[in-house]
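# Pasting the sequence and the predicted model now:
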Amino acid sequence: MKKTAIAFFLCTTTLYSQEECQPLIDGGSITFEQDVVLEWVGLSDLNSDQNYTQGFQLKFSSPALSNTFDFVFPSYSTNQKLSFSQPAQFGLQFTAFTPDSLPDPNIILGDRPYSTVFGIDLINSRLYYNGETRSHRYMEAGAAIIILGIPNVARDLQTAIHEGMNDGNTKPPYNPEGWHNQISNGGEPSAMVMAQWRRPSSRTAQKINEAIDGSGEATSSQSLSWLYGFQLGYQTNATVGFDYKLGKVSLNSWHSLSGNNLTSISMAAGAGPSEAKAFYESSNSGSFYFFVNGQLTASIYNGSLHGQFRNREAALPYGETGFLLGNFRVGAVAQWRHIGIELYGAFRTAEMWNEYSRIHSWGGISLNYNWR
């Protein structure tokens, strides 16, 4: 698809310190998450809870918006250091949560409350290479506007899906009858800011440097990276984690969390090691790998669990929610030139620390496309 097919353009100043016209959109992805995805791939035994009902995410990559949060990123200016600005990601997301007992129209105190979350977010990122220490770092920062408790949308969608599977509401999955009890029912605004940092393991960094020097391959059979970050607002937490890939892995996208390849095209800033610029700006020849990533989260506040100001009768008290959460994803990614697909299963340790405590599980499918 040619860039001229994009409906509109936006002029910005790029990191080359020259004004030029950048396309507002040069890539996109669609992600669909549902607990029933586990059944599609033969893992129905893992689909034992109803808490994470559905999720949908539509994202775009935008070179024109890549400097939005410039003030939070450190700058490199010496000949031995490079910073890379990747296309910003902006998107829409919609998620829905329910208690485990769907036919009950009453508030189920202690279980995961009904809640819907609609968000619009913008995330910028930078990748740093230090030619003196041969070190690699990645940072991203962003903000989101959130609406909790939008009425009817999740109820109608969930009911329509279940009606096609429950033989007139005579067997699971039953129709949900308690959506009028959702957190912030009727709609309530919120917001969130976030930041995350990533770095490759020492062995992965060695392979990257060998590829930059020309003594090694641009792909590897495996890679490992570490991450840490925080969110502040609608969700307030701190996270540490890892991302491990096994298969054919493009080393110049070591920093991308598995399957998130929207930002694989980088723009180098300033004068620096030409070999590093060429390495990070090169296109991926293709990847296929299995992955597992995990995050340990210290959760301080979650608006869809603890409620905000309106309609919080079903909100969980802090004493019944988990302070430490483990999140894990296992799946496979295939990427060829402009197209990528990801299939995964996701698991989360218990959010409720009471008689309703249980592990949550679901599956997802993600499709990515870059137009250049």
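Perfect, I can see it now.

# any weak-confidence spans in the stretch 51-200 of the chain?
Low-confidence regions of the stretch 51-200 of the chain, defined here as pLDDT under 70, cover residues 51-53, 75-80.

# Strands of that one, start to end?
Along the stretch 51-200 of the chain, the stretches classed as strands by DSSP state E, counting those that start in this stretch are 52-62, 81-85, 88-97, 115-130, 135-148, 188-200.

# closest one to G364 among the ones you listed?
Of all these, strand 52-62 sits nearest to G364, with 7.4 Å by CB to CB. No exception for glycine: its C-beta is placed from N, CA and C like everyone else's.

# Now do that closest one: everything it contacts.
Surrounding strand 52-62, the residues in contact under the criterion CB atoms under 8 Å, 6 or more residues apart in numbering are 23-35, 86-98, 154, 157-158, 161, 262-263, 348, 360, 362, 364, 370.

# Now it: buried residues?
For strand 52-62, the buried set under the neighbour-count rule, 16 or more other CB atoms under 10 Å, comprises Y52, T53, Q54, G55, F56, Q57, K59, F60, S61, S62.

# Q196 against L227, yeah?
Yes. Shown here, Q196 and L227 form a contact pair, counting by CB atoms under 8 Å, at 6.1 Å.

# hey, what's in contact with both of the two?
Contact criterion CB under 8 Å, 6+ apart; residues shared by Q196 and L227: T239.

# who touches Q222 in this structure?
Listed by CB under 8 Å, 6+ apart, the contact set of Q222 reads Y244, K245, L246, G247, V249.

# Relative to P63, how far out is the last one?
From V249 over to P63 the distance is 25 Å, taken as CB to CB, to the nearest Å.

# now do the third one
Applying CB to CB, the value for L246 to P63 is 31 Å.

# Repeat that for G91.
The spacing between G91 and P63, counted by CB to CB, is 15 Å.

# higher neighbour count, these two?
P63 (24 against 20; other CB atoms under 10 Å).

# didn't the more buried one look like it was pressed against D26?
Yes. Assessed by CB under 8 Å, P63 is found in contact with D26 at 6.0 Å.

# which residues do these two both contact?
Contacts common to P63 and D26, judged by CB under 8 Å, 6+ apart, are P87.

# before we move on, the earlier item: take the contacts of Q222 and write them to JSON lines, including pLDDT, secondary structure and neighbour count.
JSON lines is the format used below for the contacts of Q222 (pLDDT from 0 to 100; DSSP: H, G, I helix; E, B strand; the rest coil; neighbours: other CB atoms under 10 Å):
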{"residue": "Y244", "pLDDT": "97", "secondary structure": "strand", "neighbour count": "18"}
{"residue": "K245", "pLDDT": "96", "secondary structure": "strand", "neighbour count": "26"}
{"residue": "L246", "pLDDT": "97", "secondary structure": "strand", "neighbour count": "15"}
{"residue": "G247", "pLDDT": "97", "secondary structure": "strand", "neighbour count": "17"}
{"residue": "V249", "pLDDT": "93", "secondary structure": "strand", "neighbour count": "24"}
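
# Could you let me know which of those ends up closest to A218?
For the contacts of Q222, the closest approach to A218 (CB to CB) belongs to V249, at 9.9 Å.

# all helices for the stretch 201-350 of the chain, in order.
When secondary structure is read from DSSP state H, counting those that start in this stretch, the stretch 201-350 of the chain shows helices at 202-213, 274-281, 303-306.

# count of residues packed around P189?
Taking other CB under 10 Å as the criterion, the count of residues near P189 is 12.

# Thought I147 was touching it, still the case?
Yes. Between P189 and I147 a contact is recorded at 5.9 Å, counting by CB under 8 Å.

# for the stretch 201-350 of the chain, what spans make up the strands?
In the stretch 201-350 of the chain, the strands defined using DSSP E, counting those that start in this stretch lie at 219-233, 235-250, 267-269, 287-302, 324-336, 339-348.

# and the second one, how far from the chain's centre?
So the one you mean is strand 235-250. 10 Å (CA atoms, centre = their mean, to the nearest Å).

# Remind me what that strand packs against, helices and strands.
strand 188-200, strand 219-233, strand 287-302, strand 324-336 (3 or more CB pairs under 8 Å, 6 or more residues apart in numbering; DSSP states H and E).

# Could you rerun that using 10 Å?
Secondary-structure packing of strand 235-250 (3 or more CB pairs under 10 Å, 6 or more residues apart in numbering; DSSP states H and E): strand 188-200, helix 202-213, strand 219-233, strand 287-302, helix 303-306, strand 324-336.

# Sheet-wise, list the partners of the third one with their directions.
Next to strand 219-233 in the sheet, as set by DSSP bridges, lie strand 188-200 (antiparallel), strand 235-250 (antiparallel).

# Now do the last one against strand 324-336, angle only.
Taking axes from the mean of the first three to the mean of the last three CA atoms, to 10 degrees, one finds that strand 235-250 is oriented at 30 degrees with respect to strand 324-336.

# can you state the direction angle for strand 235-250 and strand 115-130?
Going by the same axes, to 10 degrees, strand 235-250 makes 50 degrees with strand 115-130.

# What of the shortest one?
Comparing the axes of strand 188-200 and strand 115-130 via the same axes, to 10 degrees yields an angle of 30 degrees.

# If we go by neighbour counts, what in strand 188-200 is buried?
For strand 188-200, by 16+ other CB under 10 Å, it's E188, S190, M192, M194, A195, Q196, R198, R199, P200.

# Fine, thanks again, bye for now.
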